[in-house]
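**Q** Task: produce atomic coordinates for the following.
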Amino acid sequence: MIDFQWTGRGLGAVDVVYVIAASADRSIFEGGGAEAVTTVQSLVDYYYDCLCKGGFEGLTKEVFMQQIKYAWIDLTRVILGDHWSSLTCEIVESRKDKMSFNAYNKCVVVGRAVMEVANVYLNDLGI
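**A** Numbers count the residues shown, from 1 in each chain. Next comes the predicted model:
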């Protein structure tokens with residue numbers, strides 16, 4: 001099923017970030033911290049390489065990575081301000097094996113990794 005509520009013009013980096021944060025399995029973020037950033041970077045690198053192999057031109061990797069960082073920070077803002085406003089450990093635990101929730105809303109490991117990556121990106125951008 002495809003969710004078309006966000007269809008329109010915008011940065012493709014936003015979709016890449018959302019897919020990683022919303023669908024990541026906890027196993028890819030088990031190490032946390034710097035490993036979480038490395039994991040995200042490897043996924044972004046793979047996506048960008050596929051994009052280039054597919055014939056897409058006009059977006060340098062440097063610009064794409066900057067868009068990824070801003071998109072990740074923005075998603076984190078939404079998660080903290082909206083998605084987690086009433087989330088408790090008990091709610092997260094009750095969602096553990098349900099497909100109807102984003103990974104960061106049903107797994108503490110993924111949620112922590114999303115925040116750790118955002119922190120690194122904020123520091124990288126001097127924010």
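
**Q** Tell me how many other residues surround residue 63.
**A** Neighbourhood size, residue 63 [other CB atoms under 10 Å]: 11. Bear in mind the C-beta positions are built from the backbone N, C-alpha and C, glycine included.

**Q** From residue 42, how far off is it?
**A** Separation of residue 63 from residue 42 (CB to CB, to the nearest Å) stands at 19 Å.

**Q** Same check on residue 88?
**A** Counting by CB to CB, the gap from residue 88 to residue 42 is 32 Å.

**Q** again with residue 83
**A** For residue 83, the distance to residue 42 - CB to CB - is 25 Å.

**Q** Give me the three-state assignment for the closest residue to residue 69 other than its chain neighbours.
**A** Spatially, and ignoring its direct neighbours in sequence, residue 69 is nearest to residue 121 (4.1 Å; CB to CB, 6 or more residues apart in numbering). Assigned with DSSP: H, G, I helix; E, B strand; the rest coil, residue 121 falls in the helix class.

**Q** Looking at residue 121 now. What's its pLDDT?
**A** With respect to pLDDT, residue 121 has a value of 96.
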